[in-house]
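A.B. asks: Take a look and give me a structure for this.
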Amino acid sequence: MKRFDHILRTMSFVLCIGTASVAVPAQSLPEAVSTNGLLYMTGGIGEDEAKAFLSLAPRYSLRMMFTSPGGGYLADVGVRIADAGGKTLLDTRTEGPFLYIMLPAGRYRIIANAGGPEVARWVSVPRRGGADLHLSVEERAARGTNASCLRCRPSVGL
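C.D. replies: Residues are numbered from 1 along each chain as shown. Below you'll find the predicted structure:
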(Lines give C-alpha, C1' and ligand atoms only; values in the text may rest on other atoms or scores of the structure.)
Protein backbone atom coordinates (compact mmCIF):
# COMPACT_ATOMS: atom_id res chain seq x y z
CA MET A 1 0.00 0.00 0.00
CA LYS A 2 2.87 2.37 0.80
CA ARG A 3 4.37 1.73 -2.60
CA PHE A 4 1.06 2.54 -4.31
CA ASP A 5 0.80 5.83 -2.34
CA HIS A 6 4.37 6.72 -3.32
CA ILE A 7 3.67 6.02 -7.01
CA LEU A 8 0.44 8.04 -6.86
CA ARG A 9 2.20 11.03 -5.24
CA THR A 10 5.03 10.87 -7.78
CA MET A 11 2.61 10.76 -10.70
CA SER A 12 0.63 13.70 -9.28
CA PHE A 13 3.84 15.72 -8.88
CA VAL A 14 4.94 14.96 -12.45
CA LEU A 15 1.51 15.92 -13.81
CA CYS A 16 1.54 19.20 -11.87
CA ILE A 17 5.03 20.09 -13.11
CA GLY A 18 4.11 19.19 -16.69
CA THR A 19 0.93 21.28 -16.56
CA ALA A 20 2.77 24.27 -15.11
CA SER A 21 5.48 24.20 -17.77
CA VAL A 22 2.90 24.01 -20.57
CA ALA A 23 0.85 26.90 -19.14
CA VAL A 24 3.73 29.38 -18.80
CA PRO A 25 4.30 30.17 -22.50
CA ALA A 26 0.58 30.65 -23.15
CA GLN A 27 0.34 33.15 -20.28
CA SER A 28 3.31 35.16 -21.54
CA LEU A 29 1.97 35.55 -25.08
CA PRO A 30 -0.31 38.39 -26.13
CA GLU A 31 -3.77 37.37 -27.28
CA ALA A 32 -4.50 37.01 -30.96
CA VAL A 33 -6.59 39.87 -32.35
CA SER A 34 -9.22 39.68 -35.10
CA THR A 35 -9.49 42.58 -37.56
CA ASN A 36 -11.53 42.45 -40.77
CA GLY A 37 -11.94 38.71 -40.17
CA LEU A 38 -8.16 38.17 -40.06
CA LEU A 39 -6.54 36.71 -36.96
CA TYR A 40 -3.11 38.08 -36.03
CA MET A 41 -0.77 38.43 -33.09
CA THR A 42 2.24 40.61 -32.47
CA GLY A 43 4.94 40.58 -29.82
CA GLY A 44 8.00 38.48 -29.11
CA ILE A 45 9.80 40.67 -26.60
CA GLY A 46 12.22 38.69 -24.47
CA GLU A 47 13.69 35.28 -25.12
CA ASP A 48 10.80 33.28 -23.65
CA GLU A 49 8.11 35.15 -25.58
CA ALA A 50 10.20 34.97 -28.78
CA LYS A 51 10.53 31.19 -28.41
CA ALA A 52 6.80 30.89 -27.74
CA PHE A 53 6.05 32.92 -30.88
CA LEU A 54 8.31 30.69 -32.95
CA SER A 55 6.50 27.61 -31.65
CA LEU A 56 3.18 29.07 -32.90
CA ALA A 57 4.53 29.98 -36.35
CA PRO A 58 3.00 26.98 -38.19
CA ARG A 59 -0.49 28.19 -37.22
CA TYR A 60 -0.15 31.40 -39.26
CA SER A 61 0.13 31.77 -43.02
CA LEU A 62 2.35 34.89 -42.96
CA ARG A 63 5.07 35.30 -40.38
CA MET A 64 6.93 38.62 -40.29
CA MET A 65 10.00 39.66 -38.33
CA PHE A 66 11.24 43.25 -38.08
CA THR A 67 14.85 44.26 -37.49
CA SER A 68 16.98 47.35 -37.87
CA PRO A 69 19.64 47.37 -40.62
CA GLY A 70 22.17 46.53 -37.88
CA GLY A 71 20.27 43.35 -37.00
CA GLY A 72 18.58 44.37 -33.74
CA TYR A 73 14.96 43.43 -33.28
CA LEU A 74 12.44 46.28 -33.63
CA ALA A 75 9.13 46.90 -31.89
CA ASP A 76 6.57 49.65 -32.54
CA VAL A 77 6.79 49.28 -36.32
CA GLY A 78 3.83 50.55 -38.32
CA VAL A 79 2.63 47.77 -40.65
CA ARG A 80 0.04 47.98 -43.40
CA ILE A 81 -1.04 44.92 -45.37
CA ALA A 82 -2.98 45.35 -48.61
CA ASP A 83 -4.32 42.77 -51.03
CA ALA A 84 -3.29 42.66 -54.70
CA GLY A 85 -6.07 45.13 -55.53
CA GLY A 86 -4.75 47.70 -53.05
CA LYS A 87 -7.43 47.23 -50.37
CA THR A 88 -5.95 47.68 -46.88
CA LEU A 89 -6.62 44.57 -44.79
CA LEU A 90 -4.59 45.46 -41.70
CA ASP A 91 -3.06 48.69 -40.40
CA THR A 92 -1.38 48.25 -37.02
CA ARG A 93 1.76 48.81 -34.92
CA THR A 94 3.81 45.89 -33.69
CA GLU A 95 4.25 45.17 -30.00
CA GLY A 96 7.50 43.33 -30.61
CA PRO A 97 9.62 42.10 -33.49
CA PHE A 98 7.09 39.51 -34.73
CA LEU A 99 3.73 39.85 -36.46
CA TYR A 100 1.96 36.64 -37.44
CA ILE A 101 -1.29 36.75 -39.42
CA MET A 102 -3.67 34.23 -40.98
CA LEU A 103 -4.23 35.32 -44.58
CA PRO A 104 -5.83 33.36 -47.39
CA ALA A 105 -3.57 32.29 -50.24
CA GLY A 106 -2.73 35.23 -52.47
CA ARG A 107 -0.38 38.11 -53.15
CA TYR A 108 -0.06 40.94 -50.62
CA ARG A 109 1.76 44.25 -50.33
CA ILE A 110 3.45 44.82 -46.97
CA ILE A 111 4.45 48.36 -46.00
CA ALA A 112 6.47 48.91 -42.81
CA ASN A 113 7.66 52.10 -41.16
CA ALA A 114 9.62 52.70 -37.96
CA GLY A 115 10.11 56.44 -38.36
CA GLY A 116 12.60 56.26 -41.22
CA PRO A 117 11.83 55.57 -44.88
CA GLU A 118 8.96 53.17 -45.59
CA VAL A 119 9.86 49.67 -46.69
CA ALA A 120 7.46 47.97 -49.10
CA ARG A 121 7.54 44.35 -50.24
CA TRP A 122 5.27 41.99 -52.13
CA VAL A 123 4.75 38.56 -50.61
CA SER A 124 2.88 35.52 -51.92
CA VAL A 125 1.10 33.38 -49.36
CA PRO A 126 0.76 29.80 -50.64
CA ARG A 127 -2.25 27.56 -50.07
CA ARG A 128 -0.16 25.34 -47.80
CA GLY A 129 2.65 26.06 -45.40
CA GLY A 130 2.78 29.83 -45.34
CA ALA A 131 5.42 32.47 -45.95
CA ASP A 132 8.15 34.08 -43.85
CA LEU A 133 9.10 37.72 -44.39
CA HIS A 134 12.04 39.43 -42.70
CA LEU A 135 11.95 43.21 -43.07
CA SER A 136 14.92 45.40 -42.24
CA VAL A 137 13.42 48.78 -41.37
CA GLU A 138 15.31 52.00 -40.69
CA GLU A 139 14.18 53.88 -37.65
CA ARG A 140 14.40 57.50 -36.72
CA ALA A 141 16.54 57.86 -33.60
CA ALA A 142 14.75 59.70 -30.81
CA ARG A 143 16.92 62.41 -29.23
CA GLY A 144 20.16 60.76 -30.22
CA THR A 145 19.20 57.31 -28.97
CA ASN A 146 18.51 54.12 -30.82
CA ALA A 147 14.82 53.19 -30.54
CA SER A 148 15.47 49.48 -31.14
CA CYS A 149 13.65 46.99 -28.99
CA LEU A 150 16.22 46.89 -26.19
CA ARG A 151 14.53 43.99 -24.40
CA CYS A 152 14.42 41.85 -27.54
CA ARG A 153 16.93 39.05 -27.89
CA PRO A 154 18.41 38.79 -31.40
CA SER A 155 19.67 35.28 -30.66
CA VAL A 156 16.25 33.80 -31.47
CA GLY A 157 15.53 34.00 -35.20
CA LEU A 158 12.69 33.32 -37.55
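A.B. asks: For the residue nearest the centre of the chain, give its distance to Arg140.
C.D. replies: The centroid of the chain falls nearest to Phe98 when counting by Cα atoms, centre = their mean (3.0 Å). Using Cβ to Cβ, to the nearest Å, Phe98 is found at 22 Å from Arg140. From N, CA and C alone the C-beta is placed, and that goes for glycine too.
A.B. asks: Okay, domains of this structure per the record?
C.D. replies: 1-28, 31-158 (automatic domain parsing).
A.B. asks: Kindly compare burial across these and name the winner.
C.D. replies: domain 31-158 (a mean of 16; mean count of other Cβ atoms under 10 Å).
A.B. asks: Return the set of residues that bridge with Val119.
C.D. replies: Ala112 (DSSP bridges).
A.B. asks: what sits against it?
C.D. replies: Contacts of Val119 were listed using Cβ atoms under 8 Å, 6 or more residues apart in numbering, and they are Ile111, Ala112, Asn113, Leu135, Ser136, Val137, Glu138.
A.B. asks: quick one on the thing from earlier: adding mean pLDDT, write the domains of the chain out as CSV.
C.D. replies: Below are the domains of the chain laid out as CSV (pLDDT from 0 to 100):
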stretch, mean pLDDT
domain 1-28, 42
domain 31-158, 89
